[in-house]
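Undergrad: Structure, please.
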Amino acid sequence: MQLTTTQNPMNIDEPATIKQSDFLLMAIDRGNSGSKIAVSVNGCPLSPFKIPSVIRKVGEGEGLIKIGNQAYLCGETAISMTTGATSTPLGEGDKVKGLAVVIASAIHKTMEVYPLTDAVDLSLIVSSPFATDSLSREIRAELKPLEQGFEIGGKSIKIAVQSVAVEFEGTVLLKSDPMFNGVIDIGFGTILAGFRKASGEVAIVPLMGGDLGGCNLVIKGLLNDPRFLAAVKKSGASAPPSAERLSAKLSEGVTTLRGIDLRPMLKDHMKVLKTRIEDAAQAIATELRLDSLASD
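TA: Down below sits the predicted model:
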């Protein structure tokens, strides 16, 4: 996927030759399935983009991303390869581990639009179910190897991390648009919710079973659907797609795979997720009512 600039307030044509370093402001939501990224270069916003969260650790010299003595692949390339050890946030049970690789991959995507300097200043905003100072410090430690320099796309880059902020997932919407007072964040393996208090503060809504699944309920249901398996066999495929590949395709809006129309089957498997979304909406309504009573 190629990035395209949505705005160019600085009228940037080419990087200034006297510039010492570019400044990146990056916001990332590292999901269990895909990482959503928004970035601006020297104040110029680029179109947001998404990459699969799959990381593959490969042998020296084989990887697109080299950090220290280790080489990695990230995103679609990592899904397509068959050698090396793979990891995902859900598989590791940790969204911080491997974040440096995802950031490096996001920088590589940014370079498709803007030829960055060899030294880059980075301010990072990370969305998370937990927004604490200790998590910010943990992320800083994870990014430390990037400050020593890394190689990507044949270019060596050093990152100077200027700041790391952690925000509760979904709060960007509540903070940026006053017409909304609640948000439901449907992840691959979780459903989270938040609401805006009368004071303006954004708070988390406790959801019973919020950690028991999200879109993965639909993916797993589809992958075990006899109709889907029969259609895959009829298409001539040697095996059904992996959950990671299927999730990546669906997140791109693809509803036809190898000639198979997924929409009728997806509708059936959406029922459980629909019920959980309705439960989350009711929980937000309850929190809003209680907050209103407390503020009277």
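Undergrad: For the protein, which segments are assigned as helices?
TA: 76-80, 89-92, 99-111, 133-147, 171-176, 215-223, 226-235, 243-251, 263-295 (DSSP state H).
Undergrad: so which of the ones you listed is the most packed in?
TA: Burial of those is given as mean neighbour count (mean count of other C-beta atoms under 10 Å); helix 99-111 ranks first at a mean of 23. Every C-beta, even on glycine, is put in place using the N, C-alpha and C of the backbone.
Undergrad: That one to helix 133-147, inter-axis angle?
TA: Angle between the axes of helix 99-111 and helix 133-147 is 60 degrees (criterion: axes from the mean of the first three to the mean of the last three C-alpha atoms, to 10 degrees).
Undergrad: what are the ranges of the strands in the stretch 1-150 of the chain?
TA: Counting by DSSP state E, counting those that start in this stretch, the stretch 1-150 of the chain has strands at residues 22-30, 34-41, 44-45, 49-52, 55-58, 65-67, 70-74, 85-87, 119-128, 150-152.
Undergrad: Could you dump those into TSV with mean neighbour count, mean pLDDT and distance to Cys215 added?
TA: Below are those laid out as TSV (neighbours: other C-beta atoms under 10 Å; pLDDT from 0 to 100; distance: least, C-beta to C-beta, whole Å):
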stretch	mean neighbour count	mean pLDDT	distance to Cys215
strand 22-30	19	94	14
strand 34-41	21	92	10
strand 44-45	16	92	27
strand 49-52	20	91	13
strand 55-58	22	92	20
strand 65-67	20	93	27
strand 70-74	22	92	20
strand 85-87	15	90	19
strand 119-128	19	93	16
strand 150-152	19	92	29
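Undergrad: any chance of these in CSV, plus distance to Arg227?
TA: As requested, the strands of the stretch 1-150 of the chain are exported to CSV (distance: least, C-beta to C-beta, whole Å):
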stretch, distance to Arg227
strand 22-30, 33
strand 34-41, 26
strand 44-45, 43
strand 49-52, 26
strand 55-58, 32
strand 65-67, 39
strand 70-74, 33
strand 85-87, 29
strand 119-128, 36
strand 150-152, 42
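Undergrad: looking at those, which is closest to Gly182?
TA: strand 119-128 (16.6 Å; C-beta to C-beta).
Undergrad: helices and strands around the closest one, which ones?
TA: Applying 3 or more C-beta pairs under 8 Å, 6 or more residues apart in numbering; DSSP states H and E, we find strand 119-128 packed against strand 22-30, helix 99-111, helix 133-147, strand 155-168.
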